[in-house]
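*Asks:* Fold the stuff below for me.
(one chain, ligands or ions: 1)
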Amino acid sequence: MIEFVNVTKQYSGDTTALRDVTLTVAKGELVYLAGPSGAGKSTLLKLIAAMERPTSGQVTVNGTDIGRLKSAGVPFLRRNLGLIFQQQRLLTDRSVLANVMMPMLVTGLPRSQAEDRARAALDKVGLLSRAVASPLALSGGEQQRVSIARAIVNRPQIILADEPTANLDRASANKVFDALRAFNKAGVTCLISTHDELVLDSASRVIHLKQGALLAEAA
Ligand SMILES: Nc1ncnc2c1ncn2[C@@H]1O[C@H](COP(=O)(O)OP(=O)(O)OP(=O)(O)O)[C@@H](O)[C@H]1O
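*Replies:* Below you'll find the predicted structure:
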């Protein structure tokens, strides 16, 4: 479902963010990305979402070659992706419910249907009771769970989460990981970058990056 073959990504200014990375993530897998700051975790996720293009090598997502994808094809690719990135903040002048409805309204789903699905998604992350609240009234962990609900309402096949629990306390982080694991159990392929040692220790698959290079995976 996701395949990197000899992928190198250089940013202007001569930074090599990824070096000759080859990996495969199968449908339904839950994969964590680990590595020190600057190791290339965000870059790897951005390549999958076509937010960046490989300098060399090939990235394939659901059969789509990201390096050859025309900009008109990007929305079609993203329809299958649930993105939880730090820069995608919630709109603070709208309710929690309105934030979660947004991606469905954009695709033209009728309002009543969008609302039903948004409520169901908020229920799954344990926040249905906060539907009419402003995101500003929520804790950081709750806001992150709203972001997860927003990322999954269009029923993506793949969730990409970039350090979804950065700056959260243990209890909030656990709830965020629980929500992500639940979606994985329901069949969604998940790639999650994290520094959370507790989660990494108990993970079935961890991809370690160091200075842009893949370290051998533990068997
Ligand atoms: N848009 C960009 N332009 C230039 N250099 C970039 C850009 N984005 C990332 N880099 C550089 O590429 C390298 C890898 O960055 P990346 O954000 O992928 O690492 P990371 O492992 O996600 O780090 P962190 O844990 O701090 O988020 C770093 O040296 C970074 O400074």
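
*Asks:* for the spatially most central residue of the chain, what are its contacts?
*Replies:* With the centre of the chain defined as its mean C-alpha position, the nearest residue by Cα atoms, centre = their mean is L160, 1.9 Å away. Going by Cβ atoms under 8 Å, 6 or more residues apart in numbering, L160 touches 45, 48-49, 81-85, 191. Every residue, glycine included, has its C-beta placed from N, CA and C.

*Asks:* swap the cut-off to 10 Å and go again
*Replies:* 2, 33, 44-46, 48-49, 51, 81-85, 151, 189-193 (Cβ atoms under 10 Å, 6 or more residues apart in numbering).

*Asks:* Identify those among these that sit within helices.
*Replies:* 44-46, 48, 151 (DSSP state H).

*Asks:* Using pLDDT, spot the least trustworthy of these.
*Replies:* The lowest pLDDT within these belongs to A151, with 92.

*Asks:* so what's the closest residue to that one other than its chain neighbours bridging to?
*Replies:* The shortest distance from A151 to any non-neighbouring residue, by Cβ to Cβ, 6 or more residues apart in numbering, is to G82 (3.5 Å). Using DSSP bridges, the bridge partners assigned to G82 are I159.

*Asks:* can I assume G82 is in contact with I148?
*Replies:* Yes - between G82 and I148 there is a contact at 7.8 Å, judged by Cβ atoms under 10 Å.

*Asks:* Now for the two: what residues contact both?
*Replies:* Going by Cβ under 10 Å, 6+ apart, residues that sit against G82 and also against I148 are 159, 161, 180, 183.

*Asks:* Among these, which pair sits farthest apart?
*Replies:* Based on Cβ to Cβ, the longest span within these runs between A161 and F183 and measures 10.2 Å.

*Asks:* what sits against Q144?
*Replies:* So Q144 contacts 84, 86, 90, 125, 138, 161, 164-168, 172-173, 175-176, 179 (Cβ under 10 Å, 6+ apart).
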